[in-house]
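Participant: Below: sequence and its predicted model.
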Amino acid sequence: MGVFSRFKDIVNANINALLDKAEDPEKMLRLMMQEMEDTLIELKSSCAARMASRIRLDKRINEQKALVSRWQSRAQMAIDKGRDDLAREALAEKRKESATLASLESEIGGYDEIIARTRADIDQLDAKLSQARSRLRLLQEKARRERESGQVNSRMAASSSMRFDDLEERIDRMHQENELSRPRPGADEVFCSMEESEEIEKELEQLKREMGR
């Protein structure tokens with residue numbers, strides 16, 4: 001089902017208000033534009049058909065005028081020849097053809113009115129379609145900016161994560177380097193420590209014996 005049900009709905013539509021209510025504004029706008037373009041094609045086709053009909057009618061009017069003029073000339077010729085009876089017949093035919101001419105001229109006036117109204121509708125719809133196209137460009141530009149912003153944020157987040165991981169790795173490496181760079185006890189220190197421990201053990205045993213333990 002279309003967005004619009006009548007041409008008047010399209011012309012009177014508040015595009016921004018309709019888009020504000022839409023779940024997918026760009027999709028809604030494309031549907032609206034498609035209906036506008038389809039309607040525009042119909043209007044232009046109808047206008048072209050009316051203009052073609054008017055051209056044909058205008059040709060018929062000119063032919064009818066020539067026919068009226070011919071009967072007028074025949075009436076005059078009959079009078080010149082002293083044939084009033086033929087003049088009356090010619091004038092009667094002229095009268096009949098003149099009535100047909102008046103009807104055709106009235107009909108062409110109707111065509112002019114319809115063509116003028118259709119052209120006005122086409123101009124209104126063209127303006128509405130231009131407005132919709134401008135709005136679509138704005139939506140697409142906004143979507144593009146949002147995509148680019150999202151990509152930048154993702155890159156920044158990834159970069160921050162990489163910097164953090166790198167920092168942790170550097171800290172671990174520093175700890176390892178510190179452990180490696182810490183001087184190891186020499187043999188003398190080891191033996192001194194062992195000897196000190198042994199002396200302490202001897203003193204402890206001596207003290208126990210003195211205390212009867």
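Facilitator: Nice, I can see it.

Participant: Which elements pack onto the host helix or strand of residue 126?
Facilitator: Element membership for residue 126 (DSSP states H and E) is helix 84-181. For helix 84-181, the packing partners by 3 or more C-beta pairs under 8 Å, 6 or more residues apart in numbering; DSSP states H and E come out as helix 7-12, helix 15-21, helix 25-80. Yep, even glycine has a C-beta here, placed from its N, CA and C like the rest.

Participant: Save those helices as a markdown table, and put in mean pLDDT, distance to residue 102 and mean neighbour count too.
Facilitator: Shown next, in a markdown table, are the helices and strands packed on helix 84-181 (pLDDT from 0 to 100; distance: least, C-beta to C-beta, whole Å; neighbours: other C-beta atoms under 10 Å):
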| stretch | mean pLDDT | distance to residue 102 | mean neighbour count |
| --- | --- | --- | --- |
| helix 7-12 | 68 | 33 | 14 |
| helix 15-21 | 75 | 47 | 12 |
| helix 25-80 | 91 | 9 | 15 |
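
Participant: now the ones you listed in TSV, with distance to residue 126?
Facilitator: Compiled in TSV, those are given as follows (distance: least, C-beta to C-beta, whole Å):
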stretch	distance to residue 126
helix 7-12	11
helix 15-21	14
helix 25-80	7
